[in-house]
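Colleague: Build me a model:
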Amino acid sequence: MSGHSQFKNIMHKKGKQDAIRSKLFSKLAREITVAAKLGLPDPNMNARLRAACIAARVENMPKDNIERAIKKAAATDGENYDEVRYEGYAPGGVAVIIEALTDNRNRTAGEVRSAFTKAGGALAETGAVSFMFDHVGMIEFDPKVATEDAMMEAAIEAGANDVATTEFGHEVVTALESLREVAQALESKFGEPRKSALIWKPQNTIAVEDEAGEKILKLVGVLEDNDDVQNVYANFEISDALMAKLSG
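Modeller: Now for the predicted structure:
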């Protein structure tokens, strides 16, 4: 997914920053509220809520907004969101998983299906593509917090499964059940991570380029722009040629 991450950085630079940030804050607040409602409203006692708060701080979401989202979970007249997962195929046979928080399943399903259809892909049944991914914990650190060897040593000692270090940072992969413990151990050494979450990690990736690649990237962009969609995962890598074209 490194190519996908690079693409997102490019699009964010070209996009309307204020509009992007407003939508992002809304999604972050929704996740914080849902996490607080499902567990204790204390980030130190609720791993999902802590991860949501970390994500919000990384995006410079104001502290007042975060606290307001936590308090909203206790409101009896607040919105209720369902967690829904959609799966489908993008052009070129690329598998896509979408995680959403919605107060209207029919609306969200219709919008997700429409996005796939317009891109030349197809929405599939739940379970149709998820077997091609591993549901794991992911902890990300800025590259400057440690050397590759230091991060690898600390991660192994903490019980992580794997570590990948690139110019963009350190990505530590853990089993679902050990995410909290590994994250706490690494945080004690390197400070707060920039991300700590459960993700769908593709087992293998498909290289995409030219017209098909642009269609896939457009589909991912449309899905991520949907108010109800929290996360999008896909098993593709962008070719160097297409990356250069997008960066130009």
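
Colleague: how's this protein carved up into domains?
Modeller: 2-72, 82-131+204-247, 133-202 (automatic domain parsing).

Colleague: Please state the offset of the longest one from the chain centre?
Modeller: What it means is domain 82-131+204-247. Distance of domain 82-131+204-247 from its chain centroid, counting by CA atoms, centre = their mean, to the nearest Å, is 13 Å.

Colleague: Over to the last one?
Modeller: Relative to the mean C-alpha coordinate of its chain, domain 133-202 is positioned 15 Å out (CA atoms, centre = their mean).

Colleague: Counting neighbours, what do you get for D103?
Modeller: Look at D103: counted by other CB atoms under 10 Å, it has 12 neighbours. The way it works is simple: take the backbone N, C-alpha and C, and place the C-beta from them, glycine included.

Colleague: Go ahead and confirm it touches E83.
Modeller: No: if you go by CB atoms under 8 Å, D103 and E83 don't touch, sitting 11.6 Å apart.

Colleague: What distance separates the opening and closing residues of stretch 138-152?
Modeller: Using CA to CA, to the nearest Å, the end-to-end distance of stretch 138-152 comes to 14 Å.

Colleague: what mean pLDDT does that stretch have?
Modeller: Stretch 138-152 shows a mean pLDDT of 96.

Colleague: Please report how far K23 lies from L179.
Modeller: 27 Å (CB to CB, to the nearest Å).

Colleague: now swap in E148 and tell me
Modeller: Distance from E148 to L179, counting by CB to CB: 21 Å.

Colleague: Who has more neighbours out of the two?
Modeller: Each of E148 and L179 has its neighbours counted (other CB under 10 Å); L179 has more, 24 against 13.

Colleague: so D42 sits in a strand?
Modeller: No: going by DSSP: H, G, I helix; E, B strand; the rest coil, the assignment for D42 is coil, not a strand.

Colleague: Excluding chain neighbours, what is closest to it?
Modeller: Nearest non-adjacent residue to D42, counting by CB to CB, 6 or more residues apart in numbering: L49, 7.5 Å away.

Colleague: Just after the helix or strand hosting that neighbour, pick out the following helix or strand.
Modeller: Using DSSP states H and E, L49 maps to helix 47-58. Heading C-terminal from helix 47-58, the first helix or strand you meet, by DSSP H and E, is helix 63-72.

Colleague: got a list of contacts for that following helix?
Modeller: Residues outside helix 63-72 that contact it (CB atoms under 8 Å, 6 or more residues apart in numbering) are 25, 28-30, 32-33, 36, 41, 49, 53, 56-57, 78.

Colleague: go again using 7 Å as the cut-off
Modeller: By CB atoms under 7 Å, 6 or more residues apart in numbering, the residues outside helix 63-72 that reach it are 25, 29, 32-33, 36, 41, 53, 56, 78.

Colleague: cool, stretch 108-117 as well?
Modeller: Taking CB under 7 Å, 6+ apart as the rule, stretch 108-117 contacts 84, 86, 88, 98, 100, 102, 122-123, 219, 222-223, 226, 228.

Colleague: tell me the angle the helix holding L49 makes with helix 63-72.
Modeller: If you take axes from the mean of the first three to the mean of the last three CA atoms, to 10 degrees, helix 47-58 sits at 160 degrees to helix 63-72.

Colleague: Let the chain start at 13 from now.
Modeller: Yep, numbering from 13; the last one is helix 59-70 now.

Colleague: got the residue ranges for the strands in this protein?
Modeller: In the chain, the segments counted as strands under DSSP state E are 94-102, 106-114, 134-136, 145-153, 174-178, 181-186, 207-214, 218-220, 241-246, 248-250.

Colleague: any chance of those strands in CSV, plus distance to A121?
Modeller: Below are the strands of the chain laid out as CSV (distance: least, CB to CB, whole Å):
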stretch, distance to A121
strand 94-102, 7
strand 106-114, 9
strand 134-136, 8
strand 145-153, 20
strand 174-178, 34
strand 181-186, 31
strand 207-214, 19
strand 218-220, 25
strand 241-246, 12
strand 248-250, 23
